[in-house]
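S.K.: Predicted model follows, preceded by the sequence.
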There are 2 protein chains.
Amino acid sequence: MTDTIKYILEENKLPKTWYNINPDLPSPPPPPLHPGRLDPLGPDDLAPLFPMGLIMQEVSMEREIEIPEPVREIYKQWRPSPLYRARRLEKFLDTPAKIYYKYEGVSPTGSHKPNTAVAQAFYNKEEGVKKIYTETGAGQWGSSLAFAGQIFGIDIEVFMVRVSFDQKPYRKIMMESFGAKCNPSPSEITNYGKKLLSEDPSNTGSLGIAISEAVEMAVQREDTKYALGSVLGHVLMHQTINGNEAILQMEQADDYPDIIVGCTGGGSNLSGLLFPFMGQQLRGGKKIEVIACEPLSCPSFTKGKYAYDFGDTGHVAPLLKMHTLGSTFIPPATHSGGLRYHGMSYHLSHLLELGLIRAKAYGQKECFAASVDFAKQEGILPAPEATHAVKGAIDAAIECKKNGESKTILFNLSGHGHFDMTAYSDYFDNKLGEDIFEEENVNKALADLPNVA
Amino acid sequence: MTDTIKYILEENKLPKTWYNINPDLPSPPPPPLHPGRLDPLGPDDLAPLFPMGLIMQEVSMEREIEIPEPVREIYKQWRPSPLYRARRLEKFLDTPAKIYYKYEGVSPTGSHKPNTAVAQAFYNKEEGVKKIYTETGAGQWGSSLAFAGQIFGIDIEVFMVRVSFDQKPYRKIMMESFGAKCNPSPSEITNYGKKLLSEDPSNTGSLGIAISEAVEMAVQREDTKYALGSVLGHVLMHQTINGNEAILQMEQADDYPDIIVGCTGGGSNLSGLLFPFMGQQLRGGKKIEVIACEPLSCPSFTKGKYAYDFGDTGHVAPLLKMHTLGSTFIPPATHSGGLRYHGMSYHLSHLLELGLIRAKAYGQKECFAASVDFAKQEGILPAPEATHAVKGAIDAAIECKKNGESKTILFNLSGHGHFDMTAYSDYFDNKLGEDIFEEENVNKALADLPNVA
């Protein structure tokens, strides 16, 4: 029997640094702008939102940034995460390709999100922060920050996109089990939420709205801050612990990726796996084909415009130059709550513009079909977000079969689907809706893009 | 900060054998009896139910039984499982005790059950079996056998206790994702199920009933067999991979348990961790205090009778000498579906009679309260079954505090609660019912005990 192989890494090999892609980029990404002034932000502009430790990481030009020892100690609860070679899946697909996946579902909350949640809670604690407000889509990020806040003794309050709040009640219970407060967004707690609900009481919410609510609360006191689960540079950097591990594990396997695949909502899980490899490429190493997989219903990379746009719908968060569907666009309700963001990491957008990565959009049904094939062979049910990466990887493997090429594919299985079984249930019962790209709404939202020189 | 410590074990240290307690017992446990003849079973009597490889394990007197290489290869997907020292929990409890837990939730289906599911599927495959019928309570076992069957290419059909089928729809979806068929039990498929439903259409089912249905189906063809997820000797033995690992991990920690705690339904998760340590004790090693934790509503150890009784409600399965509440007793519906069995492993029952272990019964609410404390410190939400072990371990640690004793407590965290979040929801919403011990129903069931000399 041909079996799946696990490459573990001894705990004493757990990387001691995060990788910062900034110094290796051929050109710097356009800087974030102030939401009022529309000019480049300084560290002081971000101080009401983030502790200075994180702000300095956002602009750092050091390639290796040391992981604080308390963060590493907590990482060790589940890290190094396993790298698998999916030989059962390869055999099932009858492909000459080699398929590897890094599995981040082993974390306490079942996804890659604690990699940055623990780091962010640490830096906030260091600077005396008492409470952090945040948003969450599917709840992966909210529950991860709840876990991290509990460990460091920081209160956490989460604004959860209403459609996911209703679809995924168990994520809310997990947040509460870790002592956090979780509100559906839009909420009656903030001025912005109240305004939106008065206009449309059935507003299903979006990550952009939830960010506005969390920011509104965070800036009201000096000892309260805001935290973001993706998109920003320091968040992506914390995720590179994953890619740094994967480099060592691919060495164990005596192999190196030709293709790297990840799903993209805000961009953090793909970046976490990719950037350390991309850094090697940018410093003269092997060229890797990179496929960012996004949902057909919220395709910022494949249908969005590369432009400066607000990070949130209420226009209180900084502007980023990114592929965007417009900050006022509310994506249709799908099960992949974590991918329902109008914009994209400004680092990944920059890489796309530089031709260093490419993007593909997939529909829900084809992603779940691929993931059920995957689950049957590998025993793991991917989270709805991660199904896009599974589909992308399987497509690449099938392409290899057509071309008779034995390429090495590495993808990030960013989380398990244990809290998303309604999605699998809907898939089996043929109740998953068609994927709709709401072109008219996107065009309307894009018409509202801020006018930045 | 005092942090939780993980003791991992290098993959090349994965034990090569299971431990068989039979040769080390001071006296053999009373043998299983034939359900018709009421005399000791021979291997041939079991042949319609199990492949001969498993039957011979049930009666083996070899101390170490080699794990077949294909089984070990599959184990490596998640094993060795981590052993944690819960230092954050110790600090929270302010106890001088040292609390360790072995975490079996890292398996593909989130519990210890694949340890035996993979082994059983392997031996069935070796002997040409095409289909296996089984029962499941909460669904942990059914989904694990579905996973194993998928890998070895064996069809799996599961009878799931109706109360759990309704409470936990996601486990059914998981089984279906792995290609298995899952029926609520009692069902309209078997003669026994039809009979029960005609008497009471609202019958919520029990493990004893589901076993009868699975056995009825299994014996109809030569190439179909039955599989049990707990109770029998070979099942418990497959679980000892866990205790064999734990012995090596406790050596890494330079420690040894004074107290071992586990929850008990049929007995397999406690046995898997305990037996290798108990073997050391029986061969002259250190005496360990063992606490079997069971639910107040189904307390076979603490309120049952030690007697020969049928393993199933329909009286088609063998009789075992065990602590039993009577084979016709249907336990009240609780969230701990995996602990709703009228009887107990005949090995554990024997150990209790020999005074080598003791038992404690706990109510649901106190178990969930303990587990929320645990989750806040350790980041893992235990399965409802495992909450009993958490409560038992925390109680032991509090006792250590009272007595100023720095004892070493080791417990088995047999699974995560990701598919049981309704139970946590009910706990938080104060909707968990009172734990009822239905003394009258038990007495009625015990009055029906078979008359065995």
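M.R.: Looks like it came in fine.

S.K.: Give the closest residue to residue A:43 in space, chain neighbours not counted.
M.R.: Excluding the flanking residues, the one nearest residue A:43 by Cβ to Cβ, 6 or more residues apart in numbering or on different chains is residue A:55, at 4.8 Å. Yep, even glycine has a C-beta here, placed from its N, CA and C like the rest.

S.K.: Which strands and helices lie in contact with the strand or helix carrying that neighbour?
M.R.: Per DSSP states H and E, residue A:55 falls inside helix A:52-59. If you count contacts as 3 or more Cβ pairs under 8 Å, 6 or more residues apart in numbering or on different chains; DSSP states H and E, helix A:52-59 packs onto helix A:43-46, helix A:114-126, helix A:233-252.

S.K.: list the helices and strands the helix or strand containing residue A:217 packs on?
M.R.: Using DSSP H and E, residue A:217 sits within helix A:207-218. Other helices and strands packing on helix A:207-218, by 3+ Cβ pairs under 8 Å, 6+ apart, are strand A:131-136, strand A:155-161, strand A:181-185, helix A:191-199, strand A:224-227.

S.K.: Redo those as a markdown table? Include distance to residue A:311, mean pLDDT and mean neighbour count.
M.R.: Formatted as a markdown table, these follow (distance: least, Cβ to Cβ, whole Å; pLDDT from 0 to 100; neighbours: other Cβ atoms under 10 Å in any protein chain shown):
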| stretch | distance to residue A:311 | mean pLDDT | mean neighbour count |
| --- | --- | --- | --- |
| strand A:131-136 | 11 | 97 | 27 |
| strand A:155-161 | 14 | 97 | 27 |
| strand A:181-185 | 15 | 97 | 22 |
| helix A:191-199 | 14 | 98 | 16 |
| strand A:224-227 | 11 | 98 | 24 |
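
S.K.: And the residue of the stretch 1-150 of chain A that's closest to chain B?
M.R.: residue A:108 (3.3 Å; Cβ to the nearest Cβ).

S.K.: what about that residue, is that helix, strand or coil?
M.R.: coil (DSSP: H, G, I helix; E, B strand; the rest coil).

S.K.: Just give me the neighbour total for it.
M.R.: Residues lying near residue A:108 (other Cβ atoms under 10 Å in any protein chain shown) number 24.

S.K.: separation between it and residue B:276?
M.R.: Residue A:108 is 28 Å from residue B:276, where distance means Cβ to Cβ, to the nearest Å.

S.K.: How many neighbouring residues does residue A:14 have?
M.R.: 18.

S.K.: wait, it sits on residue A:71?
M.R.: No: assessed by Cβ atoms under 8 Å, residue A:14 is found out of contact with residue A:71, at 10.9 Å.

S.K.: Run through the residues that contact the residue nearest the centre of chain A.
M.R.: Using Cα atoms, centre = their mean, the residue of chain A that lies closest to the mean C-alpha position is residue A:268, 3.7 Å off. For residue A:268, the contact set (Cβ atoms under 8 Å, 6 or more residues apart in numbering or on different chains) comprises A:112, A:116, A:229-231, A:235-236, A:239, A:345.

S.K.: Check residue A:309 too.
M.R.: Contact partners of residue A:309, counting by Cβ under 8 Å, 6+ apart, are A:319-320, A:322, A:324, A:326-327, A:342-343, A:449-450.

S.K.: does it count as helix, strand or coil?
M.R.: Assigned by three-state DSSP, the conformation of residue A:309 is strand.

S.K.: and if you look at the one 3 residues further on?
M.R.: Under three-state DSSP, the three-state class of residue A:312 is coil.

S.K.: how about the helices of the stretch 1-150 of chain A, start to end?
M.R.: Residue ranges of the helices in the stretch 1-150 of chain A, as given by DSSP state H, counting those that start in this stretch, are A:43-46, A:52-59, A:69-75, A:87-93, A:114-126, A:140-152.

S.K.: Could you take those and lay them out as a markdown table, with extra columns for mean neighbour count, distance to residue B:366 and mean pLDDT?
M.R.: A markdown table is the format used below for the helices of the stretch 1-150 of chain A (neighbours: other Cβ atoms under 10 Å in any protein chain shown; distance: least, Cβ to Cβ, whole Å; pLDDT from 0 to 100):
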| stretch | mean neighbour count | distance to residue B:366 | mean pLDDT |
| --- | --- | --- | --- |
| helix A:43-46 | 15 | 46 | 95 |
| helix A:52-59 | 19 | 41 | 96 |
| helix A:69-75 | 19 | 29 | 96 |
| helix A:87-93 | 19 | 43 | 96 |
| helix A:114-126 | 26 | 29 | 98 |
| helix A:140-152 | 30 | 21 | 97 |
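
S.K.: Out of those helices, which gets nearest to residue B:173?
M.R.: helix A:140-152 (19.5 Å; Cβ to Cβ).

S.K.: How about the closest one and chain B, touching?
M.R.: Yes: applying Cβ under 8 Å from any Cβ of the partner chain, one finds helix A:140-152 touching chain B at A:147, A:150-151.

S.K.: what does the stretch 251-400 of chain A have sitting close to chain B?
M.R.: A:372, A:375-381.

S.K.: Quick one: these as TSV, columns for pLDDT and secondary structure too.
M.R.: Shown next, in TSV, are those (pLDDT from 0 to 100; DSSP: H, G, I helix; E, B strand; the rest coil):
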residue	pLDDT	secondary structure
A:372	97	helix
A:375	97	helix
A:376	96	helix
A:377	94	helix
A:378	94	helix
A:379	94	coil
A:380	96	coil
A:381	96	coil
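
S.K.: Highest neighbour count among the contacts of residue A:268?
M.R.: Counting neighbours by other Cβ under 10 Å, residue A:112 leads the contacts of residue A:268 with 34 neighbours.

S.K.: per-residue confidence at that residue?
M.R.: At residue A:112, the predicted lDDT confidence score is 98.

S.K.: returning to that earlier point: let's have the helices and strands packed on helix A:207-218 in JSON lines, adding distance to chain B.
M.R.: Formatted as JSON lines, these follow (distance: least, Cβ to the nearest Cβ, whole Å):
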{"stretch": "strand A:131-136", "distance to chain B": "16"}
{"stretch": "strand A:155-161", "distance to chain B": "12"}
{"stretch": "strand A:181-185", "distance to chain B": "12"}
{"stretch": "helix A:191-199", "distance to chain B": "24"}
{"stretch": "strand A:224-227", "distance to chain B": "18"}
